[in-house]
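*Asks:* Kindly generate the corresponding structure for this input.
(one chain, ligands or ions: 1)
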Amino acid sequence: MASGEEDGTVEEKETNNKKRTKGTIATAWLTFYNIAMTAGWLVLAVAMVRYYLQKGTHKGLYRNIARTLKFFQTFALLEVGHCAIGIVRTSVIVTGVQVCSRIFMVWFVTNSIRQIQNEESVILFVVVWTITEITRYSFYTFNLLNHLPYFIKWARYNMFIVMYPLGVIGELLTIHASLPYVRRSGMYSLRLPNKYNVSFDYYYFLIIVMLSYIPLFPQLYFHMLRQRRRVLHGEIIVEKDE
Ligand SMILES: CCCCCCCCCCCCC/C=C/C(=O)SCCNC(=O)CCNC(=O)[C@H](O)C(C)(C)COP(=O)(O)OP(=O)(O)OC[C@H]1O[C@@H](n2cnc3c(N)ncnc32)[C@H](O)[C@@H]1OP(=O)(O)O
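*Replies:* Coordinates of the predicted model:
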């Protein structure tokens, strides 16, 4: 029996071939990307455990892992691109908020303000991110390879229930701890008068960022709860255009 494709015109066949090639290239790239990211976050986990076992303190841990953390968290910007070009079925906005807030935490808060790098809250969010990302990227990898162990799927769609709030607590406490240093130093701020005639106060900007967690975090959390119902309980979810 002839298949639909065999019945199609030459243009239809060419379009189908192009789609298949794009699909193969995209899958190969995503598999490479997810393996690299799983490895990166595993390296980070091992470095943290080794540091703590050797030194017996969390002090200095951030400085020890900062370079690896900055590299792999910044690399995650590609995920926004994956959504934008349509090779993963995820909202650009949801992914954008998630990735940008992490990059902001790493570069513009923790990396920029040395005095807060030994805060327990920094260790809290870094540990939570690490556990989450090892699970998430190994989930995507095994899923793409069609060999997904159930416990990884279970962990991906259950751990966030606790990890997400813990990560947010770590992030908010870290921003809060940075406020006195930012106020005192006036960093990243622009005072009037200046040649641009613009004023910007990083201290108040950080307060606005903290407040923006109130409307934004529930959206990310409920998005994940919907994904959980869809993947673990097979519910059909009709998402609004995000
Ligand atoms: C200027 C500064 C602004 C700052 C603003 C501040 C406001 C910030 C407010 C909120 C802050 C949040 C801070 C975050 C903290 C933490 O992360 S704490 C640690 C706990 N975190 C988590 O548990 C993270 C949970 N979130 C996520 O997993 C993602 O970020 C997500 C974008 C929300 C995930 O959503 P989504 O991708 O839609 O879900 P999935 O089920 O995983 O995937 C959907 C489909 O897409 C496929 N896919 C996605 N990515 C990939 C990939 N890399 N490779 C292959 N496939 C991928 C996936 O397989 C799914 O496919 P289908 O099954 O076919 O649908």
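*Asks:* Would you mind listing where the protein has pLDDT under the threshold?
*Replies:* Low-confidence segments of the chain (pLDDT under 70): 1-8, 10-22, 237-242.
*Asks:* Close to the ligand: what parts of it are there?
*Replies:* Neighbours of the ligand within the chain, by CB under 6 Å from any ligand atom: 30, 34, 79, 88-90, 94-95, 97-98, 100-101, 104, 128-129, 132, 136, 140, 143-144, 160, 163-164, 167-168, 171, 209, 212-213, 216-217, 220, 223-224, 227. The way it works is simple: take the backbone N, C-alpha and C, and place the C-beta from them, glycine included.
*Asks:* Kindly give a single PyMOL line that selects the buried subset of the residues you listed.
*Replies:* If you want just the buried ones from the residues of the chain next to the ligand in PyMOL, going by 16 or more other CB atoms under 10 Å, the selection is:
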select buried, resi 30+34+79+90+94+95+97+98+101+128+129+132+136+140+143+144+160+163+164+167+168+171+209+216+217+220+223+224+227
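*Asks:* How about the secondary structure of the residue in the chain that the ligand sits nearest to?
*Replies:* The ligand sits closest to G167 of the chain, with a gap of 2.1 Å, by CB to the nearest ligand atom. The three-state label given to G167 by DSSP: H, G, I helix; E, B strand; the rest coil is helix.
*Asks:* which one is it nearest to, not counting chain neighbours?
*Replies:* Residue nearest to G167 in three dimensions, not counting chain neighbours: V128, with 4.2 Å by CB to CB, 6 or more residues apart in numbering.
*Asks:* tell me the secondary structure for Y196?
*Replies:* Per three-state DSSP, Y196 ends up coil.
*Asks:* Am I right that the residue of the chain closest to the ligand is in contact with V126?
*Replies:* No. Counting by CB atoms under 8 Å, V126 is not a contact partner of G167; they are 9.4 Å apart.
*Asks:* which residues sit in contact with L30?
*Replies:* H82, I87, V88, Y140, L144 (CB atoms under 8 Å, 6 or more residues apart in numbering).
*Asks:* Looks to me like it is in a helix.
*Replies:* Yes. Assessed with three-state DSSP, L30 lies in a helix.
*Asks:* where does the residue nearest in space to the middle of the chain land in three-state SS?
*Replies:* The C-alpha lying nearest the average C-alpha coordinate of the chain belongs to V99 (CA atoms, centre = their mean; 4.3 Å). Secondary structure assignment for V99 (three-state DSSP): helix.
*Asks:* Number of residues surrounding the closest residue to it other than its chain neighbours?
*Replies:* Distances taken as CB to CB, 6+ apart place A76 nearest to V99, at 5.2 Å, with adjacent residues excluded. A count of nearby residues for A76, using other CB atoms under 10 Å, gives 19.
*Asks:* Could I get the contacting residues of A76?
*Replies:* A76 sits next to M37, V99, R102, I103 when contact means CB under 8 Å, 6+ apart.
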